[in-house]
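>>> could you look at this predicted model? Sequence included:
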Amino acid sequence: MLEAQNEINEIITKIPPKFVNTILEYAKAIKYRIDKGELSDTEYLEKIPGMTESIIKESAIDRSKYSDKLDW
C-alpha cells in the first residue's frame, strides 16, 4: 500500500496544474462510492452468477467473428 501511495504522490507532482481539479474530483467520486459501500464495476459483475465465466469465454473469441452492426 505504501508503494502505491508513493507512486500516486510522485505522479501528482508531475501533473500540470490545469488537471489537478480533475484528479481531485475523481478522488472525491471514488471516496463517495466507498463511503456508500458501493462495489466496483468488477466486483458488481463478479457477483452475477456465470458472468465471470461468460466474460472469459467471450474474450477468447476472435473479434472478426463479431459484426459491426447491431441487430436490435
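Now that the structure is in, tell me what you want to look at.

>>> for the rest of this, base every contact and every neighbour count on C-alpha atoms.
OK.

>>> and the least confident helix or strand in the chain by mean pLDDT, C-alpha only, in CSV?
When each helix and strand of the chain is scored by mean pLDDT, DSSP states H and E, helix 41-46 comes last, with a mean of 87. C-alpha atoms of helix 41-46 as CSV (Å, rounded to 0.1, in the frame of the first residue of the first chain):
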residue,chain,number,x,y,z
ASP,A,41,-17.7,-2.4,-11.5
THR,A,42,-15.6,-5.6,-11.4
GLU,A,43,-17.0,-6.6,-8.0
TYR,A,44,-20.5,-6.0,-9.3
LEU,A,45,-20.0,-8.1,-12.3
GLU,A,46,-18.3,-10.9,-10.3
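
>>> tell me the helices and strands packed up against that helix.
helix 51-59 (3 or more Cα pairs under 8 Å, 6 or more residues apart in numbering; DSSP states H and E).

>>> just the CA trace of the helix it packs on, in CSV.
What follows is helix 51-59, C-alpha atoms only, in CSV (Å, rounded to 0.1, in the frame of the first residue of the first chain):
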residue,chain,number,x,y,z
MET,A,51,-20.8,-13.6,-15.5
THR,A,52,-17.0,-14.2,-15.0
GLU,A,53,-17.1,-17.4,-17.0
SER,A,54,-19.1,-15.7,-19.7
ILE,A,55,-16.6,-12.8,-20.0
ILE,A,56,-13.7,-15.2,-20.1
LYS,A,57,-15.4,-17.3,-22.8
GLU,A,58,-16.3,-14.3,-25.0
SER,A,59,-12.8,-12.8,-24.6
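
>>> identify all contacting residues around that helix.
By Cα atoms under 8 Å, 6 or more residues apart in numbering, the surrounding residues in contact with helix 51-59 are L45, E46.

>>> pLDDT on it, on average?
Averaged across helix 51-59, pLDDT comes to 91.

>>> residues of the longest helix anywhere in the chain that come out buried?
Counting by DSSP state H, the longest helix found in the chain is helix 20-35. Judged by neighbour count (16 or more other Cα atoms under 10 Å), helix 20-35 contains no buried residues.
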